[in-house]
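K.L.:
just the structure for this:
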Amino acid sequence: MSRGLKETVLEEIRECAGEDKAIAKFLLELILEEAEHPGFWQYKELYKKKLQLYTREEGTER
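P.N.:
As a prediction, this is how the structure comes out:
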């Protein structure tokens with residue numbers, strides 16, 4: 001287990017992401033944030049920032 005996440009979840013993300021390491025990292029970061037803040041927590045701004053960073057790094061920003 002990685003910081004409270006089941007290994008099967010991590011394996012599934014890696015498998016679904018395939019060669020796209022950036023999307024796997026992006027998804028894992030979001031899941032870890034949620035794991036660190038259980039219950040009601042405002043994700044909107046965090047998700048927005050992480051999505052902007054991801055799209056900037058991948059050159060897909062519009």
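K.L.:
where do the helices sit along this protein?
P.N.:
7-17, 21-36, 44-58 (DSSP state H).
K.L.:
please save the CA atoms from the shortest one in PDB.
P.N.:
Just to be clear, that refers to helix 7-17. Backbone C-alpha positions of helix 7-17 (Å, rounded to 0.1, in the frame of the first residue of the first chain) are rendered in PDB as follows:
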ATOM      1  CA  GLU A   7      -1.900  -1.500  -4.600                       C
ATOM      2  CA  THR A   8      -4.700  -2.700  -6.900                       C
ATOM      3  CA  VAL A   9      -5.800   0.900  -7.400                       C
ATOM      4  CA  LEU A  10      -2.300   2.000  -8.200                       C
ATOM      5  CA  GLU A  11      -1.800  -0.900 -10.600                       C
ATOM      6  CA  GLU A  12      -5.100  -0.100 -12.400                       C
ATOM      7  CA  ILE A  13      -4.200   3.500 -12.900                       C
ATOM      8  CA  ARG A  14      -0.800   2.500 -14.300                       C
ATOM      9  CA  GLU A  15      -2.400   0.000 -16.600                       C
ATOM     10  CA  CYS A  16      -5.100   2.300 -17.900                       C
ATOM     11  CA  ALA A  17      -2.600   5.200 -18.400                       C
END
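K.L.:
so what's I13 up against?
P.N.:
24, 27-28, 31 (CB atoms under 8 Å, 6 or more residues apart in numbering). Quick note: C-beta positions are derived from backbone N, CA and C, even for glycine.
K.L.:
just name the closest of these to E45, please.
P.N.:
Proximity of these to E45 (CB to CB) peaks at I31, which lies at 17.2 Å.
K.L.:
what about the nearest residue to the closest one once chain neighbours are set aside, neighbour count?
P.N.:
Once flanking residues are discounted, I31 sits nearest to L5: 6.5 Å by CB to CB, 6 or more residues apart in numbering. L5 has 15 neighbours, counted by other CB atoms under 10 Å.
K.L.:
same question for L27.
P.N.:
With other CB under 10 Å as criterion, L27 counts 19.
K.L.:
measure the residue lying closest to it once chain neighbours are set aside to K25 for me?
P.N.:
Once flanking residues are discounted, L27 sits nearest to I13: 5.3 Å by CB to CB, 6+ apart. Counting by CB to CB, to the nearest Å, the gap from I13 to K25 is 10 Å.
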